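following is a predicted model, sequence given first.
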Amino acid sequence: MITFIGDFVCKPDAKGRIVLPARFKRTMQMVEQDCFVVRKHTFESCLEMIPYSEWLKEVAVLEKKLNGFNPKEQRLKRALFRSSAEVSLDGNGRFLVPRRLMDLVGVDGEVILLGVGDRLELWDRLRMEEDEPDEDEMKMLAAELLGTRTSDLDE
């Protein structure tokens with residue numbers, strides 16, 4: 001199972017390539033992966049970087065859930081695939097995200113690569129810093145979404 005945690009500020013080089021941080025590179029090597037599918041996040045103004053093996057699992061779920069004869073479902077599937085691209089790590093651990101995807105989320109300069117479980121999120125650094133919840137909001141979110149009962153975790 002792939003698990004990414006932590007965040008790293010990265011600066012694209014002159015050609016727009018980004019070096020995958022060593023911690024994330026080790027995670028990819030542990031599961032023998034060197035390819036991501038990058039797509040526009042469904043709800044946030046960032047890109048998701050999904051290791052190819054995880055992407056295949058997601059596609060299998062989509063194929064089961066979406067009916068090819070339902071126009072709304074086909075529209076969703078088309079949108080999900082259209083805003084996606086495969087990117088591979090080169091020998092130096094760099095990758096190049098297509099400019100059209102970077103433009104979709106307003107990346108212009110430094111980025112933050114954020115480990116979120118089985119995937120990475122790629123944010124424009126300034127946008128991420130503006131969007132980050134403060135301590136009070138984190139407390140409120142934790143209380144509201146996770147609750148205060150620990151007995152639920154023991155099950």
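Good, I have the coordinates. Residues are numbered from 1 along each chain as shown.

residues in contact with the spatially most central residue of the chain?
Compute the mean C-alpha point of the chain, and by Cα atoms, centre = their mean the closest residue is Glu48, 2.3 Å away. Residues in contact with Glu48 (Cβ atoms under 8 Å, 6 or more residues apart in numbering) are 38-41, 119-122. (Each C-beta comes from the backbone N, C-alpha and C, glycine too.)

so which strand or helix has it?
strand 47-51 (DSSP states H and E).

dump that strand to CSV, restricted to CA.
C-alpha atoms of strand 47-51 as CSV (Å, rounded to 0.1, in the frame of the first residue of the first chain):
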residue,chain,number,x,y,z
LEU,A,47,-3.7,18.8,-9.1
GLU,A,48,-3.7,15.2,-7.8
MET,A,49,-0.8,13.0,-8.6
ILE,A,50,-1.9,9.4,-8.4
PRO,A,51,0.6,6.5,-8.7
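
partner strands of it, parallel or antiparallel?
Neighbouring strands of strand 47-51 in its sheet, by DSSP bridges, are strand 35-40 (antiparallel), strand 119-124 (antiparallel).

could you pull out the buried residues of that strand?
Residues of strand 47-51 classed as buried by neighbour count (16 or more other Cβ atoms under 10 Å): 47-51.

check stretch 12-21 too.
Neighbour-count burial for stretch 12-21, counted by 16+ other Cβ under 10 Å, picks out 12, 17-21.

kindly report the same for stretch 77-90.
For stretch 77-90, the neighbour count (16+ other Cβ under 10 Å) marks 77, 80, 83-85, 87, 89 as buried.

one more: stretch 129-137?
Here stretch 129-137 shows no buried residue, counting by 16+ other Cβ under 10 Å.

so which residues make contact with it?
Against stretch 129-137 from outside (Cβ under 8 Å, 6+ apart): 45, 123, 141.

among those, name the least confidently predicted one.
Scanning the contacts of stretch 129-137 for pLDDT, the smallest score is found at Leu141, 86.

comparing the strands paired with strand 47-51, which comes out most buried?
With neighbours defined as mean count of other Cβ atoms under 10 Å, the strands paired with strand 47-51 peak in mean count at strand 119-124, which reaches a mean of 23.
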